[in-house]
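Colleague: got a predicted structure here, sequence first:
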Amino acid sequence: MSNTTTSLASTRIDSVLDANSFVEIGASITARSTDFNLTGIQTPSDGVITGYGVIDGNLVYVYSQDVSVLNGTIGEMHAKKIANLYDLAMKTGAPVIGLLDCAGLRLQEATDALNAFGEIYRKQALASGVIPQITGIFGICGGGLAIFPALTDFTFMADKGARLFVNSPNAIEDNYEEKCDTSSALYQSEETGLVDGVGSEEEILQKIRTLVTMLPSNNEDDASYEECTDDLNRVCSELVNCAGDTAIALSQISDNHIFFEIKENYAQEMVTGFIKLNGMTI
């Protein structure tokens, strides 16, 4: 890996991927803009680490924003690295995982940074329904950056330190953070339904790993089938005790009792998620 080896961004990548499987792309790229004395500021990898690796043998592309470089803000080259990653993922038919921790738009780059946001939106729209897109939010995700998780298929958010908002709570008329923290993981998972899962950083990274093993790599892939090690004829004697909690019922009938719930905090009268039956994801 590049000179960002010890950064929090690279640690997250190492945690979500299989050991020693990450290959970095664009490690030598830095900011191109020279406005506002940016030439005197070190911008290793322009604030985002991009590359590919495997999760339980499944190829994935991943980018992780480095908050130690200009607060992880998105500028021209930062966005080009992410856009290039999407191009590679679309060619190979592999999921894209985004690990967000960013102060938003890089104001020093002005219209170049605005265009950068548009480039990423476009790639996300083109990839929608073609490859799985998964987002993990670990820090600030505000303003135009808040569109990123809205355009992806699955979003997970750290319960401590993560903020998701277009406008901060204090900017909304008659609201303030102590009254209703609309940027918190709790609000975004319970009230808006935008966030699929909440937990500690370690729990989120494990959820992403589990989800990747449940999904096909792309819309033409039928490799979601794996050999079933469970007894297909076993009796589910505990089903009678699952009244009122269909999540437990689903785990009872699934292969090896594995049920991956989606949006568990939102509209709790309905349970949705993924199970496997005879090795096939349902």
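Modeller: Sure thing, it's come through. Numbers count the residues shown, from 1 in each chain.
Colleague: could you use CA atoms for every contact and neighbour count after this?
Modeller: Will do.
Colleague: and the strands in the stretch 151-282 of the chain?
Modeller: 154-158, 163-165, 197-199, 259-262, 272-277, 280-281 (DSSP state E, counting those that start in this stretch).
Colleague: on contacts alone, who are the packing partners of the second one?
Modeller: Counting contacts by 3 or more Cα pairs under 8 Å, 6 or more residues apart in numbering; DSSP states H and E, strand 163-165 is packed against strand 140-142.
Colleague: ok, and what's touching the strand it packs on?
Modeller: Residues outside strand 140-142 that contact it (Cα atoms under 8 Å, 6 or more residues apart in numbering): 100-104, 161-168.
Colleague: ok, so of those residues, who is nearest G72?
Modeller: Closest approach to G72 among the contacts of strand 140-142 (Cα to Cα): C102, at 4.5 Å.
Colleague: how far away is the closest residue to the closest one other than its chain neighbours from G142?
Modeller: For C102, ignoring the flanking residues on the chain, the nearest one in space by Cα to Cα, 6 or more residues apart in numbering is G72 at 4.5 Å. Relative to G142, G72 is positioned 12 Å away (Cα to Cα, to the nearest Å).
Colleague: between the two, which contacts overlap?
Modeller: Common neighbours of G72 and G142 (Cα under 8 Å, 6+ apart) are A103, G104.
Colleague: between those two, which one's more packed in?
Modeller: Ranked by neighbour count (other Cα atoms under 10 Å), G72 and G142 place G72 first, with 25 against 21.
Colleague: rewinding a little: got a markdown table for the strands of the stretch 151-282 of the chain, with mean neighbour count and mean pLDDT too?
Modeller: Listed next are these as a markdown table, based on neighbours: other Cα atoms under 10 Å; pLDDT from 0 to 100:
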| stretch | mean neighbour count | mean pLDDT |
| --- | --- | --- |
| strand 154-158 | 26 | 96 |
| strand 163-165 | 23 | 91 |
| strand 197-199 | 22 | 95 |
| strand 259-262 | 19 | 94 |
| strand 272-277 | 18 | 93 |
| strand 280-281 | 18 | 89 |
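Colleague: how about the helices of the stretch 51-200 of the chain, start to end?
Modeller: 76-92, 110-127, 147-151, 185-187 (DSSP state H, counting those that start in this stretch).
Colleague: now stretch 234-244, how far from the centre of its chain.
Modeller: 34 Å (Cα atoms, centre = their mean, to the nearest Å).
Colleague: same check, this time on stretch 227-236
Modeller: 32 Å.
Colleague: start and end of it, how far apart?
Modeller: 21 Å.
Colleague: do stretch 183-198 as well
Modeller: Per Cα to Cα, stretch 183-198 runs 13 Å from first to last residue.
Colleague: in it, what counts as buried?
Modeller: 183-190, 193-198 (16 or more other Cα atoms under 10 Å).
Colleague: show me which of those is closest to F156.
Modeller: Nearest to F156 among these: G197, at 4.8 Å, using Cα to Cα.
Colleague: ok, F22 touching D14?
Modeller: Yes: taking contacts as Cα atoms under 8 Å, F22 lies within contact range of D14: 7.3 Å.
Colleague: in this protein, which residue is most central in space?
Modeller: With distances taken as Cα atoms, centre = their mean, the residue of the chain nearest its centroid is T135 (1.4 Å).
Colleague: now do the contacts for it.
Modeller: I97, G98, L99, L100, P149, T152, F154, T155, F156.
Colleague: with distance to A79 added, can I get the strands of the stretch 151-282 of the chain in JSON lines?
Modeller: Formatted as JSON lines, these follow (distance: least, Cα to Cα, whole Å):
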{"stretch": "strand 154-158", "distance to A79": "20"}
{"stretch": "strand 163-165", "distance to A79": "20"}
{"stretch": "strand 197-199", "distance to A79": "26"}
{"stretch": "strand 259-262", "distance to A79": "29"}
{"stretch": "strand 272-277", "distance to A79": "32"}
{"stretch": "strand 280-281", "distance to A79": "33"}
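Colleague: many thanks, I have nothing further to ask.
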